[in-house]
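Enquirer: Fold the stuff below for me.
(one chain, ligands or ions: 1)
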Amino acid sequence: MRGMRRKTLRFLPAFVLFLLPLGCELLANFNVLSDEEEIELGKKFTAEIEKEKPPVQDPTLNWYAQDIGSRIAATALQDRPGIPYTFKVVADKTINAYALPGGPVYIHTGLLAAADNEYEVIGVLGHEIGHVVAKHGAKQISKQSGIQILLESALGKEGNEGAKTAGTLLGNFMLLSYSREDEFEADMLGVRYSVAAGYRPEGLMELFKKIQSAQGGTDPGAVERMLSTHPPTGERIARVQQWVAQNPLSPTLGIDRPIFQQIKARLPK
Ligand code: ZN
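Expert: So this is what the prediction gives:
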């Protein structure tokens, strides 16, 4: 899930030229970032994004985000070790969460409010982690023209200059959408990681259904931005259903801690 389009526009002005996608099928899997560079870039992105949109001040909410996030991130480390995932809550009523390359994950209060249980939250976090594991973001960044020069500037320079280029790369990253195939892959990984972490895997599907019904509901704005980049189409829901069916449901699955309702009660109104 992503789609901070409007909010990140201010990162952009002078850099539209860098947006030219190379548009070549061969480049779909092209990745110039090493793991170390991706992690470093994630840290720079965090600094830039939190200037615009700081996490909520409530330490309990951020503790919860890190706690539940770490449970699912631990299962993904088998597929891609060494990623320092961080999870924070931001005050935004849209139903959304997004991961930056290198492991920072942000959860909107709107997602926590819309979820009825921890399965639904974990399903979305699993999907986001799936994007990081499959390096979808890193590959997308790698497609920007002049990428080596931009990376050298963003990663090699401290202070204003490095931060400015990191802001450019972040703005570009936020503007581009993942492909349909990337979304399917992240959904599939999200289901797998949910099961591995001990959660029932239907959560992602349940949340998708809520988003679909909200489309025709009283507050379409709440889902508009997420739908623009992550439409939970009937096809996506059907595929998730299929993957859920393929994952044998062990009787030990079923974590849904009562603390989730206490966390929901703390959300800013
Ligand atoms: Zn996604």
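
Enquirer: C-alpha from now on. contacts and neighbour counts both.
Expert: Will do.

Enquirer: Could you say which helix or strand holds residue 89?
Expert: strand 86-90 (DSSP states H and E).

Enquirer: Just the C-alpha atoms of that strand, please, in PDB.
Expert: Output of strand 86-90 as PDB, limited to C-alpha atoms (Å, rounded to 0.1, in the frame of the first residue of the first chain):
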ATOM      1  CA  THR A  86      11.000  -0.400  11.900                       C
ATOM      2  CA  PHE A  87       7.300   0.300  12.400                       C
ATOM      3  CA  LYS A  88       5.700   3.600  13.400                       C
ATOM      4  CA  VAL A  89       2.200   5.000  13.400                       C
ATOM      5  CA  VAL A  90       1.300   8.200  11.600                       C
END
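
Enquirer: what's the offset of it from the middle of its chain?
Expert: 11 Å (CA atoms, centre = their mean, to the nearest Å).

Enquirer: Pretty sure residue 144 sits in a helix.
Expert: No: counting by DSSP: H, G, I helix; E, B strand; the rest coil, residue 144 falls outside a helix, being coil.

Enquirer: pLDDT at it, what is it?
Expert: Per-residue pLDDT puts residue 144 at 82.

Enquirer: burial of it, as a residue count?
Expert: 19 (other CA atoms under 10 Å).

Enquirer: same thing with residue 31?
Expert: Residues near residue 31, counting by other CA under 10 Å, number 16.

Enquirer: cool, residue 100 as well?
Expert: Residues within reach of residue 100, counting by other CA under 10 Å, total 27.

Enquirer: show me the contacts for it.
Expert: 42, 45, 132, 137 (CA atoms under 8 Å, 6 or more residues apart in numbering).

Enquirer: Look up the closest residue to the third one, ignoring the ones flanking it.
Expert: Using CA to CA, 6 or more residues apart in numbering and skipping residues adjacent in sequence, the residue nearest residue 132 is residue 101, 6.0 Å away.
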